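Trainee: Build me a model:
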Amino acid sequence: MAIIGTVVHLQIQTSSLKKGVRPLRVYDPSPLLPVPRLRLAPEGAVGLAEDGSEQPDVHHAAHPHTKRARGREVSFGFTSHYGSMRERYGEKIRPGCAGENALLETGRAWRLDDFAAGLALRSARTGSLVRLAEVTVAAPCVEFSRFSLGDRHASSQELKPVLQFLDHGMRGFCCTPSAEGIVEIGDTLVTLDEP
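Mentor: Okay, here's the model as predicted:
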């Protein structure tokens, strides 16, 4: 096993981050809710608050307005990628604003090919693993690209280089947990020896 990064932030999307109707739909990160722990399962992520309350992410099967799509139940991103996005698009690109469930501290950029051996989140307290299956790139959308540019009316021509830059995992990755498990700040994302 090799450590890819350490979990520094956890959050859920309480509702969709895309507001309005196309072509006027905009990206709004305000429904993001930081949580100290997540319960991951094949059905998606559930935020676990300090007071014991639970709230499913909008991509969880149990959310009343679920946006669940197979292979996109849980998402993760990297601080190094945010550094690159912020360098290009400015301070409005705050860590976590792309909506991933887990943000990991790491010093380099990652691509999907880097995860060919398989991935798991490892508990810092117990050493237990939550394997992550069906890892894919979180493809950038028009709305987040316009948000990144700071221009909600950016043309297709203006958006093309933004979409290209944010692709290939820059915006993050999606996956499906293979089993249920708890993730906390300080846990690590690791590669597995076997696929």
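
Trainee: Paired strands for the lengthiest strand in the chain, with orientation please.
Mentor: Looking across the chain with DSSP state E, the single longest strand is strand 2-13. Strand 2-13 has its sheet partners listed here by DSSP bridges as strand 32-34 (antiparallel), strand 102-105 (antiparallel), strand 188-191 (antiparallel).

Trainee: Compare these and report which one is nearest to residue 64.
Mentor: Across these, residue 64 has its closest neighbour in strand 32-34 (15.4 Å, CB to CB). (Glycine included, C-beta is placed from N, CA and C.)

Trainee: buried sites along the closest one?
Mentor: residue 32 (16 or more other CB atoms under 10 Å).

Trainee: what does it contact?
Mentor: The contact list for strand 32-34, computed with CB atoms under 8 Å, 6 or more residues apart in numbering, reads 9-14, 17, 47, 55, 96-97, 99.

Trainee: Quick check: the farthest pair among these?
Mentor: 55 and 97 (19.3 Å).

Trainee: These two - which one has more neighbours?
Mentor: residue 97 (19 against 16; other CB atoms under 10 Å).

Trainee: can you pull the pLDDT of that one?
Mentor: If you check residue 97, the pLDDT there is 97.

Trainee: what's the distance between the residue of the chain most remote from its centre and residue 163?
Mentor: Distance from the C-alpha centroid of the chain peaks at residue 157, with 26.6 Å (CA atoms, centre = their mean). According to CB to CB, to the nearest Å, residue 157 stands 11 Å off from residue 163.

Trainee: just residue 32 next, same as before
Mentor: 22 Å.

Trainee: next one: stretch 61-73 to chain centre, how far?
Mentor: 14 Å (CA atoms, centre = their mean, to the nearest Å).

Trainee: buried ones in it?
Mentor: So, applying 16+ other CB under 10 Å, buried residues of stretch 61-73: 63, 66-68, 72-73.

Trainee: For it, give the mean pLDDT please.
Mentor: 81.
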